[in-house]
Every structure is written in C-alpha cells, then in structure tokens.
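>>> Sequence and computational prediction follow.
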Amino acid sequence: MRCLIKNGYLHQFNATKSSFIRGNLIINDDYIEELSGWCPPEQSFDKVIDATDCLIIPGLINAHIHTHCHFVKGLFDNLPLEMWMLYTKPYFTGRVETPDDVYIKALFSCIEILKTGTTMIIDDLVHCPTFSPQHYSMIMKAYKKAGLRADVSVNIINKPAYETIPYLDELMNDNLKTRLRAGAMPPEREILQYLEGLIRQYNVPDAVQRCVLAPSGPQRCTVPLMKGMRDLAEKYHLPVVSHVLETRVQKETGQLFFGKSLVEWMNENDLLYPNLLAIHSVWVTDEDIQLMKQSGCKTVHNPASNLKLGSGIAPVGRLLREGITVGLGTDNTSCSDSLNMFESLKLSALLQKIQTPDYENWIGAQEAIRMATYNGAECACMQNKIGSIQVGQKADIVIIDTNNERFLPANNYVNQLVFCENGQSVRDVIINGRIVVENKKIVTFNEAEVIEEFKRVMNRMKKQQELAGKEAAEVDNLYREAYYKTIRHGDHKSSSV
Ligand SMILES: [Zn+2]
C-alpha cells in the first residue's frame, strides 16, 4: 500500500537539533519512500492523509516501561522504591493471573500509549507466573493486535529478596526466609534456555514485537545469569534492560555488598557493554560515568518515576555531554502512574535546569525530543530503522494537529511540542506503515470493549491487592528498618568525609 501524507511540517534532525520544514511524505508498505517539497498527484496513492497545519514527527519511543503494574496504577504515594516494590504484588505467594488477564492488561495499556503518540515501547514485564510461555504469548498477541512496536523482556530476579537490600538478611528470621525460598528461581542454565527459546520463536527478521532481555539489577541477579544474558544479547543483537543506581539505597548497596559502586563492580565483572541499558543511573559518580562511556553502554531517564519514588535526579546533562546515549521512559505504571511520554518530555527538559546555574549547558526541548526518538531507537539497537523521519526508515510516524490552544500562537514548534503539548493534539499514529490511530481513535481494536473487559478483570484483581497488602504487612517493619539503616550508612559516610 502507498500512502501520501501531504502538506505538513516534517520533523528533521540537523546534526542533533530538531527543526520542521513544510513538505510531503510517501509511505510504501512499511517504510518511508520519499520526502518531497512538492505534492505528487493524489490519484496514484491508495490513501491520502491531509496534514495541513500538522507536525509530522517520528513516533515517540518509550525506552523504559513496565506495563504489568496496570492493576495497581494510582494506588501508592510517598513510598521509596524499596517500600513500593513490596506492595505491588503478594510478597510471598506472587500475583496470580491468567493468560487472558495479561492479554487484556497489555491491550488496555495500549490505549494511553498509542493515543499519546508512542509507537514503540521497551516493556520490562513481571508477568505471573514468570516462565509461562502462554502468558508471554498473550502479551505479544495483544501488542500485535494493537499494532504497537514492542520489545518485551521477562524481568528476572534470581536472588532471594533478603539478599538484594542491605541489612535484610540479618533482620529476617529463618521462617520468613524459608517461605521466600519456596518461590525460588530455576538454575541459571534453565532460565537462559527459556529466554533463548523465546528469542528464537519471536525475533524473526523484521519482527515488530521482539523478545529482549532483563536481568532486573546487578544486586538482584547472579553473575552467571547476567553474563549469560549479555552473551545472548550480543549473539542476537538485542538490548538488555537492567536497573542501575536508581535509588539512594542502591548507591549504598554497592558499598555495603561489594565495597565499591555498583557500576565499578559491574565493570570489574565484565557486565558493562554496548547493548546494556543501565536504566536510571541516578547516583552515578564521575568515575562511573567514565566507565559507562568506555563500555559504550546506554541509559534511560525516567523523570516522573524518579520524582515520585524520591529516587533523585539523574545527571542527564553530564551523561549526554560525555556522549552516552540517554533514552527517555515513563517507567512503571504504578510509580509514575502514566504512560504518556509527553510528561517525560517536559519533565526531562525542566528538571536538569535546577542541577546547575550554568544555563549555557542546560538540557532543554531539543535534547528531550532527541532522547524520546533517535536515542530511544539507539537503546533498542534500531537507530538504522526507526527514530527519525528519513527515506528508507520504517514508517513509525505521529501526526500532531496544531490548530489548538497548545500550539497557537505558533512561535516555536520544538519548544511547544515539549512545554505546551500533553498528548491531546496527537491525531494520527502510524506504526510500520499501518495506521493504528486515525482522527484520535484507535482503529486496531475496540477501545470501549477493552475498557469494559479490563473493569471486569479488575474486580477480581482487587482481591490480589488485598492479599498483597496483608503479606507486605508481615515484613513492612523489616524493610523500613533496612531502608533507614542503609540511608543512615550513607549519611554517616558523607558526614565523616
Ligand atoms: Zn523500571
């Protein structure tokens, strides 16, 4: 199918800067065939989209998201990561979901994702049970139905919880530890075989939905597991999602567990490499940044999540200046409570300004747009295919209507896209050449039916959340004590310097 998008403002990167030029765009099947200043005759096309007064931008890439927490969206506030994680699912027994539950949850997530102009996600999933191919296949089926480009990982933690947070091991009694070990992971070899099986099954050439890898974090996984995932990533050219130095507690964790920063420890264990997405990197030191730079690893900034969990502000300006690729994400559905990338765009362009008075080096709208598009594609190892509007690239395109209060007066489209827009001006969304949102309506599935089904499943899930609250209450005081003790360790260290 050939489609003409006529008379819009095409987004272009000149070096790293964004700009818009008036023009027309031709899609041939799944790729961008031509960009032109003159409008070709309409009768030679199967479809013509009038983009008068519209911006034509590369689809936004949400480079870090966990859609699995959609059942608990909006439930929490004023909890740091270590306490929040405790409450997101039943601590000892785990969440119980059917394949149909995870299907509707994934499809429900697509409503906000697609309608706010995101064309690709790197979704790090804790689906339950973790190693069920049926559950995984239903998530992939949902994204295929929606038409969403998605890299989907299975989040793996193969150490018991009391070995992942300082002081928990000594605070927990044997009875609690035994109950936790009941849900122990299989040996590393079996986990890696399972993941490679998924990769072989789903990652066919030009797949729109792919399996990628996710050792949850360096303190949560064994070294053989992380090395095995690194080897798989290099063999199949895939990104690896791992949470690194996200919180104050994790900053101290490296010192308390290994006597050094987690990034230094990863470097010594050969666990920093180009395909790694060291998600967050909030508490990296100057030395850590140099190690990241030398290794070629990347990171993803999640400003809303970092603010809501009180994690801190990532040094995005310093990371970008050192040439480290920084993508942009929304993170978990229940720790930023939004899958709308326009929130991340605006927050990322605002937050860095309070880091330094050196305003000539502030991060702003230009950098935010690049993080949410081209850099996101680099995070997915797909910068040759998506992330910019160029001939030969896959047609992942968003059309934004500027005839509204957010874009009038039209003073500066780049700034207004980041500081004024909130996702409501997204009119059409095209992914891999397929129209998925047209005139603000999802056309790949019935939105109203999905919402009704989601509400029905939610009624059942509320019982799971009651159980989660009950099980978390058994260990809440231990987690709180471990949390404050670890924070005090950091305070003590900095006051004694
Ligand atoms: Zn995350």
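Perfect, I can see it now. Residues are numbered from 1 along each chain as shown.
>>> T178: what secondary structure?
What DSSP: H, G, I helix; E, B strand; the rest coil gives for T178 is helix.
>>> which helices and strands sit right next to the one helix or strand D151 maps to?
The secondary structure element spanning D151 is strand 149-154 (assigned by DSSP states H and E). Taking 3 or more Cβ pairs under 8 Å, 6 or more residues apart in numbering; DSSP states H and E as the contact definition, the neighbouring helices and strands of strand 149-154 are strand 118-125, helix 133-146, strand 209-212. Placement of C-beta: from N, CA and C, glycine included.
>>> from what I can see G317 touches T356, true?
Yes. Under the contact definition of Cβ atoms under 8 Å, G317 touches T356, with a separation of 7.1 Å.
>>> Which one's more surrounded, these two?
When neighbours are counted by other Cβ atoms under 10 Å, G317 and T356 differ, and G317 comes out ahead with 19 against 14.
>>> Kindly confirm my reading that that one is in a helix.
Yes. Membership of G317 in a helix is supported by three-state DSSP.
>>> In contact with it, which residues are there?
Contact criterion Cβ atoms under 8 Å, 6 or more residues apart in numbering gives 352, 355-356, 361-363 as the residues in contact with G317.
>>> on that earlier part again, shared neighbours, G317 and T356?
W362.
>>> list the contacts for F445?
Contacts of F445 were listed using Cβ under 8 Å, 6+ apart, and they are 107, 110, 145-146.
>>> Most neighbours among those, which one?
L107 (28 neighbours).
>>> Please, which helix or strand holds it?
Using DSSP H and E, the element containing L107 is helix 99-115.
>>> got it, and K235?
helix 223-236.
>>> Give me the buried positions along that helix.
Along helix 223-236, these residues count as buried under the neighbour rule (16 or more other Cβ atoms under 10 Å): 225-230, 232-233, 236.
>>> quick one, that helix and strand 149-154 angle?
Angular relation of helix 223-236 and strand 149-154 on a 0 to 180 degree scale: 150 degrees, by axes from the mean of the first three to the mean of the last three Cα atoms, to 10 degrees.
>>> can I get the helices and strands packed on strand 149-154 in JSON lines with distance to E452 and mean pLDDT?
Putting the helices and strands packed on strand 149-154 into JSON lines (distance: least, Cβ to Cβ, whole Å; pLDDT from 0 to 100) gives the following:
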{"stretch": "strand 118-125", "distance to E452": "23", "mean pLDDT": "97"}
{"stretch": "helix 133-146", "distance to E452": "16", "mean pLDDT": "97"}
{"stretch": "strand 209-212", "distance to E452": "25", "mean pLDDT": "98"}
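>>> Please enumerate the helices of the stretch 251-400 of the chain.
Counting by DSSP state H, counting those that start in this stretch, the stretch 251-400 of the chain forms helices over residues 262-268, 286-295, 303-308, 316-321, 341-351, 365-372, 374-379, given from the N-terminal end onward.
>>> With respect to burial, which of those scores highest?
helix 374-379 (a mean of 26; mean count of other Cβ atoms under 10 Å).
>>> what mean pLDDT does it have?
Confidence over helix 374-379 (mean pLDDT, whole number) is 98.
>>> How about stretch 170-190?
Here the mean pLDDT over stretch 170-190 is 91, rounded to a whole number.
>>> Run the chain-centre distance for it.
Distance of stretch 170-190 from its chain centroid, counting by Cα atoms, centre = their mean, to the nearest Å, is 28 Å.
>>> now do stretch 328-348
Its chain's C-alpha centre and that of stretch 328-348 lie 9 Å apart, by Cα atoms, centre = their mean.
>>> which stretch among the helices of the stretch 251-400 of the chain comes nearest I26?
Distances from I26 to each of these were compared using Cβ to Cβ; the shortest belongs to helix 374-379, at 21.1 Å.
>>> For that closest one, output the C-alpha coordinates as PDB.
Output in PDB follows, covering the C-alpha atoms of helix 374-379 (Å, rounded to 0.1, in the frame of the first residue of the first chain):
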ATOM      1  CA  TYR A 374      16.500   8.900  18.000                       C
ATOM      2  CA  ASN A 375      18.200   8.000  21.300                       C
ATOM      3  CA  GLY A 376      15.300   5.600  22.100                       C
ATOM      4  CA  ALA A 377      15.900   3.800  18.800                       C
ATOM      5  CA  GLU A 378      19.600   3.600  19.700                       C
ATOM      6  CA  CYS A 379      18.500   2.000  23.100                       C
END
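>>> Which elements pack onto it?
Taking 3+ Cβ pairs under 8 Å, 6+ apart as contact, the helices and strands that helix 374-379 lies on are strand 60-66, strand 118-125, strand 326-328.
>>> cutoff 6 Å now
Using 3 or more Cβ pairs under 6 Å, 6 or more residues apart in numbering; DSSP states H and E as the contact test, the elements touching helix 374-379 are strand 60-66, strand 326-328.
>>> roughly how far apart are the residue nearest the centre of the chain and N203?
Among the residues of the chain, H64 comes closest to the average C-alpha position under Cα atoms, centre = their mean, at 1.1 Å. In this structure, H64 and N203 are separated by 20 Å, where distance is defined by Cβ to Cβ, to the nearest Å.
>>> And the strands in the stretch 301-450 of the chain?
For the stretch 301-450 of the chain, the strands identified by DSSP state E, counting those that start in this stretch occupy 326-328, 331-332, 397-401, 426-431, 434-438, 441-442, in order along the chain.
>>> Dump those into JSON lines; add mean neighbour count as well.
As requested, these are exported to JSON lines (neighbours: other Cβ atoms under 10 Å):
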{"stretch": "strand 326-328", "mean neighbour count": "28"}
{"stretch": "strand 331-332", "mean neighbour count": "30"}
{"stretch": "strand 397-401", "mean neighbour count": "25"}
{"stretch": "strand 426-431", "mean neighbour count": "25"}
{"stretch": "strand 434-438", "mean neighbour count": "20"}
{"stretch": "strand 441-442", "mean neighbour count": "14"}
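>>> In TSV: these, plus mean pLDDT.
Formatted as TSV, the entries for these read as follows, by pLDDT from 0 to 100:
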stretch	mean pLDDT
strand 326-328	98
strand 331-332	96
strand 397-401	98
strand 426-431	98
strand 434-438	98
strand 441-442	98
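>>> one step back: please work out which of the helices and strands packed on strand 149-154 is packed deepest.
Ranked by mean neighbour count, those are led by strand 118-125 with a mean of 28 (mean count of other Cβ under 10 Å).
>>> What strands flank that one, and is each parallel or antiparallel?
According to DSSP bridges, strand 118-125 forms sheet pairs with strand 60-66 (parallel), strand 149-154 (parallel).
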